Structures are given as C-alpha cells and as structure tokens.
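In: let me see the structure of the following:
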Amino acid sequence: MKLSKNVLLIIVLQIIPLLLFPPAMLISGWLAIIVLIVVYALLGFFLVRGRVWALSMSIFLQGLNVTIRLMMLFPNSIKIGVYDWSYFIVSLAAIALSFWFLLRLDRPDVRALVH
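Out: You can find the predicted model right below:
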C-alpha cells in the first residue's frame with residue numbers, strides 16, 4: 001500500500017481542529033492534550049497500516065468534534081452579555097477544519113488507500 005503525501009498529511013494533521021482552543025483553555029487542559037496526541041498518534045499509525053476501523057474512528061471523531069463545537073459555540077462565547085470573540089472565532093475555525101477533514105477522509109481515494 002502506497003500512501004500519497006496528501007493523504008499522509010491529512011492523517012497527521014487531523015488532530016489540529018481538536019486542539020484549536022484559546023490559549024487560556026489549552027493551558028488549563030494540558031493533560032487532555034497529551035492524551036489526545038497519544039490517541040491520534042495511535043490512530044494515525046493504524047491508518048497508515050491500513051486498518052479500516054481507524055478510518056471509521058477518525059471520521060467519527062471529526063464528526064463528533066463538529067457536533068460538540070456547534071452545541072457549545074454560543075453558550076461559551078456569550079456569557080452574561082460579554083462576548084468571547086477569541087473562543088467564537090477559534091471554534092468556527094475548528095468546525096470548518098473538522099468538517100473539511102470529515103469530508104476528505106470519506107472520499108473514495110482515501111478509502112481505497114486504507115483498505
């Protein structure tokens with residue numbers, strides 16, 4: 001199985017939307033970040049090895065990220081009349097990136113390389 005550079009970049013970079021948070025939130029959740037990096041490193045390893053379940057899990061996690069970010073967008077960006085624009089903008093960027101990765105991972109060329 002020969003992975004193209006584009007597919008390999010997608011596999012490696014799919015963790016970025018899950019880590020997009022304002023810096024204050026990232027600093028307080030450093031342990032979760034370490035766990036997330038380990039999980040995605042293992043997921044990427046199994047994707048490169050051609051495991052179909054790893055592709056399904058990647059698609060599921062990107063979709064779950066879009067859903068959770070959409071549900072938490074307004075409650076966390078508007079608090080008692082004060083707007084947290086950094087959270088709002090970063091969340092919109094994470095939603096867009098996760099949605100793009102979700103659609104890209106589900107394309108036939110990626111599926112053919114993983115199978």
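In: for Leu18, what are its contacts?
Out: Contact analysis of Leu18 by C-beta atoms under 8 Å, 6 or more residues apart in numbering lists 36, 40, 61, 65, 94, 98. Placement of C-beta: from N, CA and C, glycine included.
In: which element is it on?
Out: Assigned by DSSP states H and E, Leu18 belongs to helix 16-19.
In: beyond that helix, next helix or strand please.
Out: That would be, after helix 16-19 and using DSSP H and E, helix 23-28.
In: helices and strands around the longest helix seen in the chain, which ones?
Out: In the chain, taking DSSP state H as the definition, the longest helix is helix 52-77. Using 3 or more C-beta pairs under 8 Å, 6 or more residues apart in numbering; DSSP states H and E, the elements in contact with helix 52-77 are helix 16-19, helix 30-48, helix 85-105, helix 108-114.
In: now for the residue lying closest to Phe21 once chain neighbours are set aside, how many residues are close by?
Out: Nearest residue to Phe21, sequence neighbours excluded (C-beta to C-beta, 6 or more residues apart in numbering): Val90, at 6.2 Å. Neighbour count of Val90, defined by other C-beta atoms under 10 Å: 18.
In: what does stretch 74-87 contact?
Out: Contacts of stretch 74-87 (C-beta under 8 Å, 6+ apart): 21-22, 25, 88, 91.
In: now swap in stretch 57-69 and tell me
Out: 11, 14, 17-18, 43, 47, 91, 94-95, 98-99, 101-102, 105-106.
In: about what we covered before: quick one: which two of the contacts of Leu18 are the most distant?
Out: Based on C-beta to C-beta, the longest span within those runs between Tyr40 and Ala94 and measures 14.6 Å.
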